[in-house]
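> Next comes the sequence, and after it the predicted model I'd like to discuss.
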Amino acid sequence: MPKPKRQLTGVAKDKYRIPKEEILYLKRVIFDMENNRSRLQQAREHAQYHDTPLSWTHVAAALKADMLDLSYVNRGLKKSIQMHTQTANLLSLWVSHQSLHAPKPTTTRETWQSSHLMLGDPALRKTACEWISKQMVHNTPQAMADIPFPFDADDQIHVHVLDDDDGVVRTKVMAQFMLPFPRDQVTNAVWTAEGSFCATQLDVFDCNTEDVGHGPRRIQLKTLSYLSSTTSDESIMTLRTIVQDDAHPTDKKTWLMETKMWIVMEQWGPQYTRVRTFFTMTQPFTKRGFVSVEEYARFQRNVPIEYPVDTKALLRQVKQRSYDGHMEQRRQWKEHVLRAFAAARFGRVRNNLKMGLVGLPNVGKSSLFNLLTAQSVAAENFPFCTIDPNEARCAVPDERYECEYPAYLQCTDIAGLIRGASEGAGLGNAFLSHIQAVDGIFHVIRAFESEEVVHVDDTVDPIRDLETIQGELCKKDLSYVLAQRKARETDVRKNPTMKLPPLFFTVMDTVQELLEANKSIASKNDWTAPEVDKINELIPAAITTKPIIYLVNLTKRDFIRKGNKWLVPIKQWVDSHGGGVMIPFSVEFEQELWDQRKVNKEFVPEVPSVLPRIIKVGGFIKAEVVGFEDFKTLSEGDKKGMSKVKAAGKYRQEGKTYVVQDGDIIYFQFNVTNKKK
């Protein structure tokens, strides 16, 4: 009698279940192997008759391909001629309007004249931006000689707030600090941090709007950033505001500010980098001239104004306020760089990146997912409408779209978490496992009141919601860390020859203390390189090491007027919990904008959408680099990989700003999906 098959149930059944992702991966492998077998078979059949001439079909196909290549080259040459002709005409017009008797530049006068961008096609404007930026890089020594820098390695900040005879305030800031990391890594971190630091200081929106005088005044800052590696031991980053842009003219009442900044990063020994910053800023002005001291004081908010106005006393208060603000800003900038550095080092980057939408129920996750990915998943007014995660991809906006394959960002709509999710409340353990599978987190926060959309806790309180999500993520990581630690220590007890290194206990103890204090692992800014490697080795699935982008969902009215009572408290909470990028948006506004564009594709809104910014912030690139000479010396013919190179510390990670050197061996990882076959 045949023995009956064993029926698997419960835990055993789940243990032998093949994940859906693995099945899809194996199907793709089978498909690629079948295509490869077909190509090899055709090549073998052709090799048997290699002495015979090619058929006319193959000859015609080859000629067609050559003609297409020549056509592309000819089209590119025509565009190049047209662009250079237009550039020459515009430059001739610009030169004709310049003064022929301009004063000779001196050591105290800039050798470039303006940051004026003219009209023209994208290629011409790009050339103009490069010219302005390279002029700033060229004049870096002259600009930074305007203020003395210390010769030692101590951290120092100096702020000089001056006023001329007309009462116009001009600020000069010098800052220097040391970072215990190589220059290439510091350069990537500074470039990343500077891209988001202005928004954290001026306002949570792109532009700063304050009530000044009899109506709102907006300070418009269009900045131009540039990074240059002048030598093997030095990198220079420049930033300058575009005061006049003919393609985007400003209103007469719009406030502008002339700002220029130089950041010089110098290698200081094998493992240290000295970062020097020189920053200048003028008083706000309009097309009519500089704003008055009284208006400037109202903008600074914390400067009291007494009537009748004592202009000299008010000017002293404005200068003191500027001094205090810039001193604190430079300290925060260093912390921001360290946070960006930590986030980049903890990110486990793969060839196909995923960002997960996380938050409480009914905060707008599924609605945002539909807008980002052009999907129509269910988004209802009750908790746990989403059970299984929805996955889709969204194209990354890029002006190069017409000539290159677009990049895509994978987005995952994860069901809402509630208090007690780490203990299983609301199917929370399953939802937290979905978060472990993504590479970064879009944390959606509700900051809008609506009687039609119920809140899981009955009242709207974003700070309470942030604490809830943070607490559940930390509890999930804590249970994961304790399990991993117990498993390692159990293995050591079973094998007397094994011994855990001291770094194991140092890292695990610190991680456990952070999580028990409801702090994320990435919130600690001074992790060393060996500690980061040990964390990635021991707890690779930790949630709180993932980069987080905070998306604050507002009403349409609040988004358009750029104001909400919760924005400042949310920003303060984010800064006190490790920092991160914060982007206010409105599902209500974006949905109406989407509907209008479906009716009229040429519709141009007065307030632009922030969805492209959200998508771009979610994408990133990484390259693993080793020099050929280091590889040749250390590998000693070892074909097994980079183990000896990594052990010697010569295998490093670089970001999108890295300049490739001769002989580099590079493994690129980027969030671009493969082209469909």
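Sure, I can see it.
> now the helix or strand containing residue 177, how far from the chain's geometric center?
Element membership of residue 177 [criterion: DSSP states H and E] is strand 169-179. Distance of strand 169-179 from the chain centroid (C-alpha atoms, centre = their mean, to the nearest Å) equals 24 Å.
> and stretch 562-570, average pLDDT?
For stretch 562-570, the per-residue pLDDT values average out at 87.
> list the contacts for residue 482?
Applying C-beta atoms under 8 Å, 6 or more residues apart in numbering, we find residue 482 in contact with residue 512. In short, each C-beta sits where N, CA and C put it, glycine included.
> what kind of secondary structure is it in?
Under DSSP: H, G, I helix; E, B strand; the rest coil, residue 482 falls in the helix class.
> Would you check how far apart it and residue 543 are?
Here residue 482 is placed at a distance of 14 Å from residue 543 (C-beta to C-beta, to the nearest Å).
> Quick check, residue 233 in contact with residue 183.
Yes. Residue 233 is within contact range of residue 183, at 6.8 Å (criterion: C-beta atoms under 8 Å).
> Show me the helices in the stretch 551-677 of the chain, by range?
556-561, 567-576, 587-599, 611-617, 628-635, 643-647 (DSSP state H, counting those that start in this stretch).
> quick one, which of those is nearest to residue 313?
Closest to residue 313 of these is helix 567-576 (C-beta to C-beta; 28.9 Å).
> Output that closest one as PDB, restricted to C-alpha atoms.
Extracted in PDB, the C-alpha atoms of helix 567-576 (Å, rounded to 0.1, in the frame of the first residue of the first chain):
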ATOM      1  CA  LEU A 567       4.300  72.900   9.400                       C
ATOM      2  CA  VAL A 568       6.800  74.400  11.900                       C
ATOM      3  CA  PRO A 569       6.100  71.800  14.700                       C
ATOM      4  CA  ILE A 570       6.500  69.000  12.100                       C
ATOM      5  CA  LYS A 571       9.800  70.500  10.900                       C
ATOM      6  CA  GLN A 572      11.100  70.800  14.500                       C
ATOM      7  CA  TRP A 573      10.200  67.200  15.200                       C
ATOM      8  CA  VAL A 574      12.000  66.000  12.000                       C
ATOM      9  CA  ASP A 575      15.100  68.000  12.900                       C
ATOM     10  CA  SER A 576      15.200  66.600  16.400                       C
END
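> what sits up against that helix?
Applying C-beta under 8 Å, 6+ apart, the contact partners of helix 567-576 are 200, 204, 445, 447, 462, 463, 466, 550, 552, 580, 582, 584.
> Apply the buried test to those residues and list what passes.
Buried members of the contacts of helix 567-576, counted by 16 or more other C-beta atoms under 10 Å: 200, 204, 445, 447, 462, 466, 550, 552, 580, 582, 584.
> Tell me the confidence at the second one?
At residue 204, the predicted lDDT confidence score is 42.
> Could you do residue 98 as well?
Per-residue pLDDT puts residue 98 at 60.
> Next, format the contacts of helix 567-576 as a markdown table and append distance to residue 532.
Output for the contacts of helix 567-576, formatted as a markdown table (distance: C-beta to C-beta, whole Å):
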| residue | distance to residue 532 |
| --- | --- |
| 200 | 24 |
| 204 | 30 |
| 445 | 28 |
| 447 | 34 |
| 462 | 31 |
| 463 | 30 |
| 466 | 26 |
| 550 | 23 |
| 552 | 30 |
| 580 | 18 |
| 582 | 25 |
| 584 | 32 |
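> Residue 233 and residue 183: which is more packed in?
Legend: neighbour count by other C-beta atoms under 10 Å for residue 233 and residue 183, higher for residue 183 (21 against 12).
> if I pick that one, what's in contact with it?
Taking C-beta under 8 Å, 6+ apart as the contact definition, residue 183 lies against 233, 234, 235, 265, 266, 267, 273.
> For the helix or strand hosting the third one, enumerate its sheet partners and note whether each is parallel or antiparallel.
Read that as residue 235. For residue 235, the host element (DSSP H and E) is strand 234-241. Take DSSP bridges as the rule and strand 234-241 pairs in its sheet with strand 223-231 (antiparallel), strand 259-267 (antiparallel).
> List the buried residues for that strand?
With burial defined by 16+ other C-beta under 10 Å, the residues of strand 234-241 counted as buried are 234, 235, 236, 237, 238, 239, 240, 241.
> next helix or strand past that strand?
Using DSSP H and E, the helix or strand that follows strand 234-241 towards the C-terminus is strand 244-245.
> The next helix or strand after that next one packs against which elements?
Using DSSP H and E, the helix or strand that follows strand 244-245 in sequence is strand 255-256. Of the remaining helices and strands, those touching strand 255-256 by 3 or more C-beta pairs under 8 Å, 6 or more residues apart in numbering; DSSP states H and E are strand 215-220, strand 285-286.
> thinking residue 327 is in contact with residue 157, fair?
Yes. Here residue 327 reaches residue 157: they are 5.9 Å apart, a contact under C-beta under 8 Å.
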